[in-house]
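> Build the 3D model from these lines:
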Amino acid sequence: MKIYGYVRVSSTDQNEGRQILALKEVYVDEKNIYMDKQSGKDFNRPNYKRLVQKLKPGDMLYILSIDRLGRNYEEIQNQWRVLTKEIGIDICVLDMPLLDTRNGKDLMGTFIADLVLQILSFAAQSERENIKKRQAEGIAAAKAKGVKFGRPEKEVPDDFGRIVRAWEQKRLPFEEVLNKCNMSGATFYRRLREYRVLRNSQKNK
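This next block holds a predicted model:
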């Protein structure tokens, strides 16, 4: 039997230290701790997949809390079944002693563990949806106050029209156009479309 641990944080700036410390306290060797810095919306995570490929029947997997495994209700249920039934490992959720498959393997114990798993995985998804809602509300409020998101808009040079005409008349190579405008090709074509729409609207006035 081998002992493994799994750690997940939602973004690269979150601290995984608390989870790793909790795993070390139950004697999980650091080389057997797999970590992803990724959303829990699904299980398409590189290190989680590597961990699953390592697991063998009888192995032990520790996680600090069920939301570190994931935040999608149905997928948590499916992965729990794959890990415990298809692969045949034991799982212990450290902050919820009822979710320890080594205990209560009789019918009543299994029923209680399944019930707790359903409640906690439901709560994990609900929290994820609440987080997304709060983020969307925050972004909307910021936009209403005039806060700009994303990269600053690349300004076109004052002689953009002259540069475009020279390029259209094949007097200026495309590489030089991009250099003069200080733009990527994609940005140039986007600003070119805007310029042509504006030019045509002015002609039709």
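> Count the neighbours of K170 for me.
Residues lying near K170 (other CB atoms under 10 Å) number 7. Where C-beta positions appear, they are placed from N, C-alpha and C, glycine not excepted.
> pLDDT score for it?
Per-residue pLDDT puts K170 at 89.
> Which neighbouring residues are in contact with the spatially most central residue of the chain, exactly?
What sits nearest the mean C-alpha location of the chain, by CA atoms, centre = their mean, is S39, with 3.1 Å. Counting by CB atoms under 8 Å, 6 or more residues apart in numbering, S39 makes contact with 10, 71.
> give me that answer again for 10 Å
When contacts are counted by CB atoms under 10 Å, 6 or more residues apart in numbering, S39 touches 8-11, 45, 70-72, 128.
> For it, give its distance to D67.
Computed with CB to CB, to the nearest Å, the distance linking S39 and D67 is 11 Å.
> what does C181 give?
Distance from C181 to D67, by CB to CB: 48 Å.
> quick one on the thing from earlier: can the contacts of S39 go into CSV with extra columns for distance to R193, neighbour count and secondary structure?
CSV is the format used below for those (distance: CB to CB, whole Å; neighbours: other CB atoms under 10 Å; DSSP: H, G, I helix; E, B strand; the rest coil):
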residue, distance to R193, neighbour count, secondary structure
R8, 42, 25, strand
V9, 41, 19, strand
S10, 37, 17, coil
S11, 35, 8, coil
R45, 38, 19, coil
G70, 42, 27, coil
R71, 40, 24, coil
N72, 39, 19, coil
R128, 38, 19, helix
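> any idea which of those is closest to V26?
R8 (17.2 Å; CB to CB).
> For that closest one, list the residues it contacts.
By CB under 10 Å, 6+ apart, the residues touching R8 are 14, 16, 19, 34-40, 45, 47-48, 63-65, 67-71.
> repeat that with 7 Å
With contact set as CB atoms under 7 Å, 6 or more residues apart in numbering, R8 has these partners: 35-36, 38, 40, 68.
> And the furthest pair within these?
M35 and G40 (12.9 Å).
> farthest-separated two in the contacts of S39?
Greatest spacing in these, by CB to CB: S11 and N72 (17.4 Å).
> Can you give the domain ranges for the protein?
Domain ranges of the chain: 3-141, 160-203, per automatic domain parsing.
> Pick the most deeply packed of those domains.
domain 3-141 (a mean of 16; mean count of other CB atoms under 10 Å).
> and that domain, how far from the chain's centre?
In terms of CA atoms, centre = their mean, to the nearest Å, the centre of domain 3-141 is found 15 Å from the chain centre.
> try stretch 156-164
Stretch 156-164 has its C-alpha centroid displaced from the chain centroid by 40 Å (CA atoms, centre = their mean).
> For it, what does the pLDDT average out to?
Here the average pLDDT along stretch 156-164 is 88.
> Same question for stretch 25-44.
Averaging pLDDT along stretch 25-44 yields 92.
> measure it end to end?
28 Å (CA to CA, to the nearest Å).
> now stretch 27-37
23 Å.
> contacting residues around that stretch?
In contact with stretch 27-37 (CB under 7 Å, 6+ apart) are residues 2-9, 11-12, 16, 20, 23, 45-48, 50-51, 62.
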